[in-house]
Structures are given as structure tokens and as C-alpha cells.
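Novice: give the three-dimensional model of this entry:
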Amino acid sequence: MGSNSQLMVLIIIIFVEILVTVNGELHRVVHPATKADGSISVLVIGDWGRKGMYNQSQLAYQMGITAEKKDVDFIISTGDNFYPSGLTDENDPAFDESFTNIYTAPSLLKKWYTVLGNHDYRGNAIAQLSPILKAKDSKWFCMKSFILNTDIAEFFFIDTTPFEDKYFTDPEDEVYDWRGVLPRDKYLSTLLRDLESALIESRAKWKIVVGHHTIKSVGIHGNTKKLVQKVLPILEANDVDLYINGHDHCLEHISSHHSRLQFLTSGGGSKAWRGGYDRTSINEKEMRFYYDGQGFMTMQITETDIDIDFYDIFGNVLHKWGASKSYFSSI
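Specialist: Residues are numbered from 1 along each chain as shown. Predicted coordinates:
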């Protein structure tokens, strides 16, 4: 492709993003319906980018098989896309080595809607947002925060890394790319305001929020206190059905005993088996499923029902959960 053609592609991509931009930190994009009834099938994976190592390639193979069986419409990545320190720039070979050359099954050549994790912020975080990467691999889509519209569900992707105090006060000799985030207080207050406003205005059948960091988890990282304090009340007040995250390298399902909200962790995309299980962090009655290992998750969503499946690296279904919209509405 010549330089003029590349420039035109970038201009078109940037123009489309301007068309869907809303005020503040949230952008709105639309995923066109592919099924006549408007239902959607989604695969969720997190914490994966290790150039095929730590069973990333083997898991990608199984993801391809499952995605074909489920007729997946798109993939959600819950962050930590490139280890150990994100990308250096838009030409970093890690993009191909950890993404393009790994997820090659035809069933995975769908749009990947992606957020940043804390390891992504340790590199050039802006590079992952660049339209240059979209031009290199059309399935890549990454923004810090955005709203994804489908016919029956809205997905609210939020940038959770800046909520963690320790990345600012005790960075463990790591350098974080805070461009676009500072001043931090203003960034976070704007994001919280925009999230709350968008949830209040939403008329979607299903409201699903996606972030990298946990809200509730028994894994090694445990609950993220700032998200519990700042984000969880907004989700509970606005009838959010699911919160989906990575960060803990495990598979997990936790329910809430006083709201409709379900907490789903899909962070087993490569390196896992970390040995964390803190029973004191939640009410034991809320614990539905925990697997300290590699795997991924799928969601089947219709107007009236949702079905969740968790898989291990061999494609075995480890946990199934489903509910009707009337179930959620009754809580």
C-alpha cells in the first residue's frame, strides 16, 4: 500500500471516530447486527500477550474452535494485551508476535474490542490507540474508554488503571505512560460522570461494563478498593447486569447478594496458576466459580436470556451460568 493510500485509510478511520465521539471520556461505536434476531455471541479473553508463550498459542487454537461453534460476533479483551510493558510504538513487532500471528483462526478474525491494562500503561499506551494499528490489522480496536452499541446490549468499556493509587505512589520502578490522564483527579471525575450519565440514559436490554481491574475477586489481586468505592455504586444504582474484567490471571464468577450485578473474571489468556484465593474478600455465598488457570469465557445474549460458559485450555466447559431478563429485573 502506498503512502497516499495509507494516509487516506488513517483519515477515514479518524473521521469515523470523530463521528461517534461524545462529550468527555466516553466514545460511542456501533457493532452492526449479524444475526436476524439481533442476538450476539461474544468471546472474552484477558491478560494474553506473551508472543505465544505460556500456552497462549495453544489457548488461541482452542478459542478458534469454540468461536466457530458459537458463531462469535466479536471478541472482548479485558486488557494487559502486551507483556511485560505494552508496546514501544506502533511499529513494535510484539503487535504481530502476540496478536496478529497468534489469533489466526477464521472465527477469530472478527473485531476485537480492547481496553488497556496496567502492563499496557508501562509501555507506550498511546500506541495501542493509534489508527496505524487498525490499518495493520483490521480486527484491532482499542480505546481507553468507550461505549459499544449492539441491538440488544450496550457494553461500557472503562479505563480502570488510573484508579489504582499504587501506580502513582509506589510504581515499583516502572514508568507509566500517563499522557491524556493527568491531571488524574479531573480525568477520573470526568470518566465517572460520563459513565453514570451514559448508564442513566441507556435503554439497552442489557447493560454490561468492562474494565481491566477487578471489582470483586478472590484471586491474587483481590478487590480493587477504589473501584469498589467509586465505580460499584454507579453500577448498582443503574441496573448494570455484568461487570467483566481481567487482571487476576484466572476464571471467576461472583454474584452479589444485594443486587443483580454479576462479577466475571476472564484473565487466563496466557500465564496463570498464581495460587491466590482469598476467601475473606467476599461473602462465601457469592462465590459461584473459581479456576486458577488458563482459559476464556463466552456469552450468548438474546433479548430475554444470557448464558455464560467458562472454558479451559482443552475446551472443557468448567462452569455454566444463565439467567433470564426477568430474573435480573426481580432482584
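Novice: for the stretch 101-250 of the chain, what spans make up the strands?
Specialist: Taking DSSP state E, counting those that start in this stretch as the criterion, the stretch 101-250 of the chain carries its strands at 112-114, 140-142, 146-149, 153-157, 206-210, 242-245.
Novice: can I get these in TSV with mean neighbour count?
Specialist: C-betas here are computed from N, CA, C, even on glycine. Formatted as TSV, those follow (neighbours: other CB atoms under 10 Å):
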stretch	mean neighbour count
strand 112-114	23
strand 140-142	21
strand 146-149	21
strand 153-157	25
strand 206-210	24
strand 242-245	25
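Novice: out of these, which is closest to Q262?
Specialist: strand 242-245 (5.1 Å; CB to CB).
Novice: helices of this protein, start to end?
Specialist: In the chain, the segments counted as helices under DSSP state H are 3-20, 56-70, 94-95, 118-121, 125-128, 131-136, 166-169, 184-201, 225-230, 232-237, 325-330.
Novice: quick check: which of the strands of the stretch 101-250 of the chain is nearest to S324?
Specialist: strand 206-210 (11.4 Å).
Novice: now do the closest one against helix 184-201, angle only.
Specialist: 160 degrees (axes from the mean of the first three to the mean of the last three CA atoms, to 10 degrees).
Novice: flag the shaky bits of this structure, pLDDT-wise.
Specialist: 1-25, 171, 329-331 (pLDDT under 70).
Novice: residue nearest the centroid of it?
Specialist: Per CA atoms, centre = their mean, the C-alpha nearest to the average position across the chain is that of T78, at 2.7 Å.
Novice: doesn't G267 make contact with it?
Specialist: Yes - between T78 and G267 there is a contact at 6.4 Å, judged by CB atoms under 8 Å.
Novice: identify the contacts common to those two.
Specialist: G46, D47, N245, G246, H247 (CB atoms under 8 Å, 6 or more residues apart in numbering).
Novice: can I get the residues you listed in TSV including distance to A153?
Specialist: What follows is those, written out as TSV (distance: CB to CB, whole Å):
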residue	distance to A153
G46	19
D47	24
N245	17
G246	19
H247	23
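Novice: which of these sits closest to S259?
Specialist: Nearest member of the shared contacts of T78 and G267 to S259, counting by CB to CB, is N245, at 16.7 Å.
Novice: which residues does the closest one bridge with?
Specialist: Counting by DSSP bridges, N245 is bridged to T265.
Novice: next up, the contacts around it.
Specialist: 46, 78, 160, 210-215, 217, 263-267.
Novice: run the last query once more with 7 Å
Specialist: By CB atoms under 7 Å, 6 or more residues apart in numbering, N245 lies in contact with T78, G211, H212, H213, T214, I215, T265.
Novice: just I76 next, same as before
Specialist: Contacts of I76 by CB under 7 Å, 6+ apart are V42, V44, Y113, V210, I244.
Novice: how much space between it and F156?
Specialist: 12 Å (CB to CB, to the nearest Å).
Novice: list the residues that contact both of the two?
Specialist: Common neighbours of I76 and F156 (CB under 7 Å, 6+ apart) are V210.
Novice: what sits closest to I132 if chain neighbours are left out?
Specialist: E90 (4.2 Å; CB to CB, 6 or more residues apart in numbering).
Novice: then Y290?
Specialist: E252 (5.2 Å).
Novice: does the one you found touch S217 like I think?
Specialist: Yes - taking CB atoms under 7 Å as the definition, E252 is a contact partner of S217 at 6.2 Å.
Novice: joint contacts of the two?
Specialist: Counting by CB under 7 Å, 6+ apart, the residues touching both E252 and S217 are T265.
Novice: put the alpha carbons of stretch 278-296 into PDB.
Specialist: C-alpha atoms of stretch 278-296 as PDB (Å, rounded to 0.1, in the frame of the first residue of the first chain):
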ATOM      1  CA  ASP A 278      -8.700 -15.100  49.500                       C
ATOM      2  CA  ARG A 279     -12.000 -16.200  51.000                       C
ATOM      3  CA  THR A 280     -12.100 -13.200  53.300                       C
ATOM      4  CA  SER A 281     -12.600 -10.700  50.500                       C
ATOM      5  CA  ILE A 282     -16.200 -11.700  49.700                       C
ATOM      6  CA  ASN A 283     -19.300 -13.300  51.200                       C
ATOM      7  CA  GLU A 284     -18.800 -17.100  50.600                       C
ATOM      8  CA  LYS A 285     -22.400 -17.300  49.400                       C
ATOM      9  CA  GLU A 286     -21.500 -15.000  46.500                       C
ATOM     10  CA  MET A 287     -18.700 -17.400  45.100                       C
ATOM     11  CA  ARG A 288     -20.100 -19.200  42.100                       C
ATOM     12  CA  PHE A 289     -16.900 -20.400  40.400                       C
ATOM     13  CA  TYR A 290     -13.100 -20.000  40.600                       C
ATOM     14  CA  TYR A 291     -10.400 -21.600  38.500                       C
ATOM     15  CA  ASP A 292      -6.800 -20.700  39.000                       C
ATOM     16  CA  GLY A 293      -5.700 -21.500  35.400                       C
ATOM     17  CA  GLN A 294      -5.800 -20.600  31.800                       C
ATOM     18  CA  GLY A 295      -8.900 -20.300  29.800                       C
ATOM     19  CA  PHE A 296     -11.600 -17.900  28.400                       C
END
